[in-house]
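S.K.: give me a model of this one.
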Amino acid sequence: MTSANVSPEEIARFDKLAARWWDPDGDSRPLHDLNPVRVDFIARRLDLGSARVADVGCGGGLLSEALAQGGAQVVGVDLGEAVIRVAGMHLLESGLEVDYRVQSSADLAAAEPQGFDAVCCMELIEHVPDPEALVRDLAAMLKPGGTLFLSTLNRTPLAFGAAIVAAEYMLRMLPRGTHHYARFLRPSELSRMAREVGLVLDEVQGVFYNPLTRKASLASSTSVNYMLSAHKPT
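M.R.: Down below sits the predicted model:
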């Protein structure tokens, strides 16, 4: 395995959540609430039935299974061995097919360059030491004409209040220390990273999430959560 763009502390933190990953009322409940919005964002821009998709930082497989349910051929990779075990075990319940691997983004890019019609990387980039290297790996996986889908948190006071103060300390929806404000990325920064690896920006879309009602929806404001899509020119 190549030198992984990963923090051991981050892997350990998310592996601790593995056992209850599929519990919609557990520590991963924000992921459950946001998942339908993310799937819809992807499905509106990609023919899932004919697509081979990489889900990088797949965790316990929420997005991977939803994409497979839509007809995609999915490869899900994560460096957390515990979450990959949980993802694989859940396939026995769902009956879906996903190729789960304990693998880094760099190793997947090296093993399957230009191997995917789409690459998804949701809420991972704010957890890695080198976000630019991650974007480079993701772009390398894309076929010409393929689309990259990213989601993350904006570096704004509102995002700090929502994702850290409220979610981790007040509402205790997430374990303390899940997020580090300095690692949040502005849309302009993430767009620049995509352009620097040869991708063409298609869209940046805000996401609204109400933790009290557990309702999520697309929004015009990118002040807290947002998703980005970009494509590799043919």
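S.K.: now do the helices in the chain.
M.R.: 8-15, 29-43, 62-69, 81-94, 105-111, 131-141, 157-159, 187-196 (DSSP state H).
S.K.: got a list of contacts for the first one?
M.R.: Contacts to helix 8-15, defined as C-beta atoms under 8 Å, 6 or more residues apart in numbering, come from residues 59, 79, 80, 81, 82, 83, 127, 128, 175, 177, 178. The C-beta positions use only the backbone N, C-alpha and C, and glycine is treated the same way.
S.K.: residue 224: which of those is nearest?
M.R.: Distances from residue 224 to the contacts of helix 8-15, taken as C-beta to C-beta, are shortest for residue 178 (14.8 Å).
S.K.: report pLDDT for the closest residue to the closest one other than its chain neighbours.
M.R.: Spatial nearest neighbour of residue 178, excluding adjacent residues (C-beta to C-beta, 6 or more residues apart in numbering): residue 168 at 6.0 Å. Looking at residue 168, its pLDDT stands at 85.
S.K.: and stretch 46-64, what's its mean pLDDT?
M.R.: On average, the pLDDT along stretch 46-64 is 97.
S.K.: chain center to that stretch: distance?
M.R.: For stretch 46-64, the separation from the chain centroid amounts to 10 Å (computed by C-alpha atoms, centre = their mean, to the nearest Å).
S.K.: in this structure, where is pLDDT below threshold?
M.R.: Low-confidence regions of the chain, defined by pLDDT under 70, span residues 1-3.
S.K.: who's in contact with the residue sitting nearest the centre point of it?
M.R.: Nearest residue to the geometric centre of the chain (C-alpha atoms, centre = their mean): residue 122, 1.3 Å. By C-beta under 8 Å, 6+ apart, residue 122 lies in contact with 38, 55, 57, 63, 149, 150, 151.
S.K.: so of those, which ones are in strands?
M.R.: The strands, defined by DSSP state E, take in 55, 149, 150, 151 from these.
S.K.: neighbour-wise, which one of these leads?
M.R.: residue 55 (31 neighbours; other C-beta atoms under 10 Å).
S.K.: so that residue touches residue 66, yeah?
M.R.: No: taking C-beta atoms under 8 Å as the definition, residue 55 is not a contact partner of residue 66, at 9.6 Å.
S.K.: got the contact list for the residue nearest to residue 23 when sequence neighbours are not counted?
M.R.: Closest residue to residue 23 apart from its sequence neighbours, by C-beta to C-beta, 6+ apart: residue 29 at 7.7 Å. By C-beta under 8 Å, 6+ apart, the contact set of residue 29 is 23, 173, 214.
S.K.: of those, closest to residue 113?
M.R.: Nearest member of those to residue 113, counting by C-beta to C-beta, is residue 23, at 36.8 Å.
S.K.: for the closest one, the count of nearby residues, please.
M.R.: 13.
S.K.: again with residue 197
M.R.: Neighbour count for residue 197, taken as other C-beta under 10 Å: 17.
S.K.: I figured it hits residue 136, correct?
M.R.: Yes: taking C-beta under 8 Å as the definition, residue 197 is a contact partner of residue 136 at 5.1 Å.
S.K.: so what's in contact with these two at the same time?
M.R.: By C-beta under 8 Å, 6+ apart, no residue touches both residue 197 and residue 136.
S.K.: just flag the most distant two among the contacts of helix 8-15.
M.R.: 81 and 177 (20.6 Å).
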